[in-house]
Each structure stands twice: as structure tokens, then as C-alpha cells.
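Chemist: Got a predicted structure here, sequence first:
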Amino acid sequence: MSDFYHSVRLDSEKCRGCTNCIKRCPTGAIRVREGKAHIIKERCIDCGECIRVCPYHAKSAEYDSLEEIHKFKYKVAVPAPALYGQFNNLDDVDYVLTALKKLGFDDVVEVAKAAELVSDATRKLFEQGILRKPVISSACPAVVRLIRVNYPNLIEHVVPLTSPMEVAGGIAREKARKETGLSDEDIGVFFISPCPAKITALKSPVCLEKSNLNGAIAIKDIYPALVHEMNHLTETQPIKDSGVIGVGWATGGGEANSLLKDNCLAADGIDNVINILNELEDEKLPDIDFIELNACTGGCVGGALTYENPYVAKARIKRLRKYLPVSCNRLDTVDVPDNMFWHKTLVATDVMKLADTVPEAMRKMAEKREILDKLPGLDCGTCGAPSCAALADDIVRGFASEKDCVFMLRDQLSGIDRELIPAPYRAKEKDE
């Protein structure tokens, strides 16, 4: 997994070693060593939680600038529906879509359009009875990677459909080919992204041979330019091609509601997601048909690369939906792109195993238990690991030592001090 792309970046110069990030990382992918944070790439799911909590802005996401689009002859914007929640009093998304064209894009294809197709495809898969319940949404790439890293037994529950982002990219590229006659090298398709996990997903697609997207631009970066263009629009172009179902994917529960089923569950926020996955792994949710999970609080509107407060954006999406039809897209009315279904099987990542052989793994597991018994069990984080169990794991792997625990170091130093006391005085101290 060393070649896996990660959009989350760490600036060690800005890092103060405060340990805020190690306590919030859902997969224990961050350590603080020698006063600086380090990301264990194999465990990182690019959820952006460390970006949110770092008070020194040492964590950030890598994405494309708007200028990147000019490297292509024909440019297509693929905006996430979360983009619509960033603007106050928006009653027509064509204002946003027309403004995108004013910024230099030749065409715009909504991710909300693709979301309606994914919803329709999921409904049809349910009708065919081929999905293992409870079915888990594959839309949030941070959740999918979390399952691959921490919950490999749940992989078979993930619906085998690509995310609306990728489906929209496929639609956009095929449309551009037909309308312009240009080759793929001349067509640039750019996602307007609310979060770093989606950027990672397009750079390193898991179940596709190759992404149809060339890059991603953060919502928070493009927002000021969009506002400027929207304030100077005299008329809009009829571009929008989605309804309540597609736009609803911007917020938590939108995808679940689109399935028109009663036994659906939706959870957002990484802590809530982990709680649900734990219950699912313990087989505590037998009556649930479908589970929508979003790593960001509020859904995609809560992504680390958005501009607006997620609760405000959620309220704006709710208001906007009353101006929209229920849905504009179904599989029988649209040419389905060939990237709608997975090209490859989703597989687990072996980042948690201690050794390549069973005997060696068992030996290290026993060693880990012995070390853990010595540790204080406070999970204070002062050692640079998120918990005592994580420190024990690091020690067994050779990445840390028992001296990293301040409590064990104190006890060891205390023992050394006592050894320096002459024997008669130690005996006298014991008698007293």
C-alpha cells in the first residue's frame, strides 16, 4: 500500500506536537515522535478529521487550483451537490452552474444527476435480491477505506456501485467526446470537492481501472470566485438536470431517503459511523436493509473543504429542495456509463497484521499483551500514540519503546535512583 495516494498532507514546520490529531484520528494513523506528528499512510483514510482539529493548520489537503483547467482544450466541471448549500437565498442552482461556466468551464455535469442514477441502480439491485443485508453505501470513500482497514468482514455488505462523483465523471467525459470529437487527453473533467477523501478516491480509484476525472478543486477555494460571478450574472443558462433526490445526497440521510424504503439507517460524523460499524459487526442490526454512512458531520456539506457551516448549509439544501422536481434521471432514460458498477472487487488492506506468519503473529500478540499489562491504561497520549494499546502495538513493531511512556519511564528512573543508594541505607529505609 506504499503507492496509495493520500490527499491529506502534514506540514512538519507548522506542527507543534500538541497531540490533538492523534486523539481524533479514527484509525489511529497519527503518531507524535520527537515533537512532530507523523501520518502512518497505510492506516490513513483521508477523512480530514485531523485538518479540522489542528489548531496550527499543520494538516491540509492537496487539490488542484482553478488554473489547472486551462491545460485542457475542453473543460468540464462536476460539482458536488454540497456546493449548493454554500450560498444564501439560492432558489435556482442554474446560478451556480452558469457561474462555473463563467469561470472558464465549457460544460457542467451535476453529481446530483449521477446520484439519482446510483439511487435507481441501488433500488433495482434490491429488487433483484442479490445484495447482502444490511447493505452499506459505497458513496463515502472515507467510510469504504475505513471498512477495508478496520472492518474487513463487512466488505461483502458494501453495495458494488461506484460513487456519484465517478459516475458523473463518466457521463461528463462521454458527453464531451461525442460533442467535441476531442481525445481524452484534450478533455479535462474536474470535480468540485467538499472533502479530501473524494480527492484521494479519484487519484487512487479502488474498484475502477481508472478515474474519469482529471482532478479536483476544493469548494472553499472556488467559492469566492463563484460568488463574484453570481453577483454579476444578468441571465442564467438552463443547465440543471437533477431534483430533490439528487440534491438531497448533499446531507446525511439523503441517499437513504432516495431508496424509498422503510428499514434504512443513516449516520454521519466519524464517531457515529464507527459505532454503527461496530454494531453491524456484532450482528446487532438484523432488521436494517440499508445503511448510509458519511464520515463528515451533516454529510458532504460538513466536508473539510467546504466554506459554510455544515448546519447552515444543511438548512439551505432543505430550503432549495422545495424549488426542485422529485427526480430527473432514471437508468431507463439515460445512457448508463460503463463505470456505474465496480470493475474490480473490493478487498481488505492488511495494515493491522503483526507478522506474515501465524506463529510469529501469535508470538508478537503475546508480547503485545505483556507490554500492555505493564502500561498504565490511561490512554493519555503523552507517549505520542493515541492509546496504551496503540503504544504496545508500536513497541512490538519496533516503532517505539517502553521509555516513550512517561509513567513507565518514571518508574524505571525511580528504580535506578534506588540502585544508586548504598545498600545499608536502602536496608534502613526498608526497616523504617
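Modeler: Nice, I can see it.
Chemist: just the helices in the stretch 201-350 of the chain please.
Modeler: Ranges of helices within the stretch 201-350 of the chain are 219-231, 244-247, 254-258, 270-281, 310-320, based on DSSP state H, counting those that start in this stretch.
Chemist: quick one: the helices in the stretch 1-150 of the chain?
Modeler: Counting by DSSP H, counting those that start in this stretch, one finds helices in the stretch 1-150 of the chain at the ranges 20-24, 49-53, 94-102, 111-128, 141-150.
Chemist: Can you tell me which of those helices is most buried?
Modeler: The highest mean neighbour count among the helices of the stretch 1-150 of the chain, using mean count of other C-beta atoms under 10 Å, belongs to helix 141-150: a mean of 24. (Glycine included, C-beta is placed from N, CA and C.)
Chemist: buried residues in the helix or strand following it?
Modeler: Moving toward the C-terminus from helix 141-150, the next helix or strand (DSSP states H and E) is helix 164-180. Of the residues in helix 164-180, those buried under the neighbour-count criterion (16 or more other C-beta atoms under 10 Å) are 164-176.
Chemist: and of those, the nearest to residue 404?
Modeler: Minimum distance to residue 404 across the buried residues of helix 164-180 is 40.6 Å, recorded for residue 165 (C-beta to C-beta).
Chemist: where's the closest one relative to residue 137, distance?
Modeler: 13 Å (C-beta to C-beta, to the nearest Å).
Chemist: How about residue 246?
Modeler: Using C-beta to C-beta, one gets 15 Å for the distance from residue 246 to residue 137.
Chemist: picking that back up, minimum distance to residue 212: which of the helices of the stretch 201-350 of the chain has it?
Modeler: Checking those against residue 212 by C-beta to C-beta gives helix 244-247 as the closest, at 18.4 Å.
Chemist: any residues touching the closest one, and which ones?
Modeler: For helix 244-247, the external contacting residues (C-beta atoms under 8 Å, 6 or more residues apart in numbering) are 81, 84, 93, 110-116, 119, 164, 254, 257-258, 317, 320-321, 324-329.
Chemist: Give the burial count for residue 344, as a bare number.
Modeler: 10 (other C-beta atoms under 10 Å).
Chemist: Next, the residue nearest to it when sequence neighbours are not counted: phi, psi?
Modeler: Nearest residue to residue 344 in three dimensions, chain neighbours excluded: residue 207, at 4.9 Å (C-beta to C-beta, 6 or more residues apart in numbering). As for residue 207, its main-chain torsions (degrees, to the nearest 10) stand at phi -110, psi 10.
Chemist: Can you lay out the buried residues of helix 164-180 as JSON lines showing pLDDT and distance to residue 228?
Modeler: Shown next, in JSON lines, are the buried residues of helix 164-180 (pLDDT from 0 to 100; distance: C-beta to C-beta, whole Å):
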{"residue": "164", "pLDDT": "97", "distance to residue 228": "28"}
{"residue": "165", "pLDDT": "97", "distance to residue 228": "26"}
{"residue": "166", "pLDDT": "96", "distance to residue 228": "30"}
{"residue": "167", "pLDDT": "96", "distance to residue 228": "30"}
{"residue": "168", "pLDDT": "97", "distance to residue 228": "25"}
{"residue": "169", "pLDDT": "97", "distance to residue 228": "26"}
{"residue": "170", "pLDDT": "95", "distance to residue 228": "31"}
{"residue": "171", "pLDDT": "95", "distance to residue 228": "28"}
{"residue": "172", "pLDDT": "97", "distance to residue 228": "24"}
{"residue": "173", "pLDDT": "96", "distance to residue 228": "28"}
{"residue": "174", "pLDDT": "95", "distance to residue 228": "32"}
{"residue": "175", "pLDDT": "96", "distance to residue 228": "28"}
{"residue": "176", "pLDDT": "97", "distance to residue 228": "26"}
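Chemist: give me every residue that touches the nearest residue to residue 29 once chain neighbours are set aside.
Modeler: The shortest distance from residue 29 to any non-neighbouring residue, by C-beta to C-beta, 6+ apart, is to residue 43 (3.7 Å). With contact set as C-beta under 8 Å, 6+ apart, residue 43 has these partners: 27-29, 149, 351.
Chemist: top of those residues by neighbour count?
Modeler: Going by other C-beta under 10 Å, residue 29 tops the contacts of residue 43 with 25 neighbours.
Chemist: Surely that one touches residue 47?
Modeler: No - between residue 29 and residue 47 there is no contact under C-beta atoms under 8 Å: 9.6 Å.
Chemist: What is the burial count for residue 299?
Modeler: Counted with other C-beta under 10 Å, residues neighbouring residue 299 total 31.
Chemist: ok, now the one 3 residues further on?
Modeler: Counted by other C-beta under 10 Å, the residues lying close to residue 302 total 28.
Chemist: which residues does it contact?
Modeler: Residues in contact with residue 302 (C-beta under 8 Å, 6+ apart) are 268-269, 294, 296, 310, 313.
Chemist: can you map out the strands along the chain?
Modeler: In the chain, the strands defined using DSSP state E lie at 8-10, 30-33, 36-39, 59-61, 74-79, 107-108, 135-136, 187-193, 215-218, 264-268, 290-294.
Chemist: Quick check: which of those is nearest to residue 390?
Modeler: Closest among the strands of the chain, using C-beta to C-beta: strand 30-33, at 8.1 Å.
Chemist: So what touches that closest one?
Modeler: 17, 19, 21-22, 37-40, 50, 384-386, 394, 399-400.
Chemist: where in the stretch 301-432 of the chain is pLDDT low?
Modeler: For the stretch 301-432 of the chain, applying pLDDT under 70 flags the ranges 412-432.
Chemist: Enumerate every residue touching residue 85.
Modeler: Here residue 85 is in contact with 250-251, 301, 306, 308, 312-314, 316-317, 320 (C-beta under 8 Å, 6+ apart).
Chemist: and those residues, which are buried?
Modeler: 250-251, 301, 306, 308, 313-314, 316-317, 320.
Chemist: Tell me the spacing between the residue nearest to residue 29 and residue 142.
Modeler: 13 Å.
Chemist: Please apply the same query to residue 219.
Modeler: Look at residue 219 and residue 142: by C-beta to C-beta, they are 16 Å apart.
Chemist: This structure - how does it break down into domains?
Modeler: 1-62, 66-323, 354-432 (automatic domain parsing).
Chemist: Tell me which residues touch the closest residue to residue 305 other than its chain neighbours, please.
Modeler: Residue nearest to residue 305 in three dimensions, not counting chain neighbours: residue 218, with 4.0 Å by C-beta to C-beta, 6+ apart. By C-beta under 8 Å, 6+ apart, residue 218 lies in contact with 61, 63, 193, 305.
Chemist: For residue 218, give the beta-bridge partners.
Modeler: For residue 218, the beta-bridge partners are residue 193 (DSSP bridges).
Chemist: How confident was the prediction at it?
Modeler: According to the prediction, residue 218 has pLDDT 98.
Chemist: Report the beta-bridge partner residues of the closest residue to residue 196 other than its chain neighbours.
Modeler: Closest residue in space to residue 196, ignoring its immediate chain neighbours: residue 61 at 3.7 Å, by C-beta to C-beta, 6+ apart. Beta-bridge partners for residue 61, by DSSP bridges, are residue 8.
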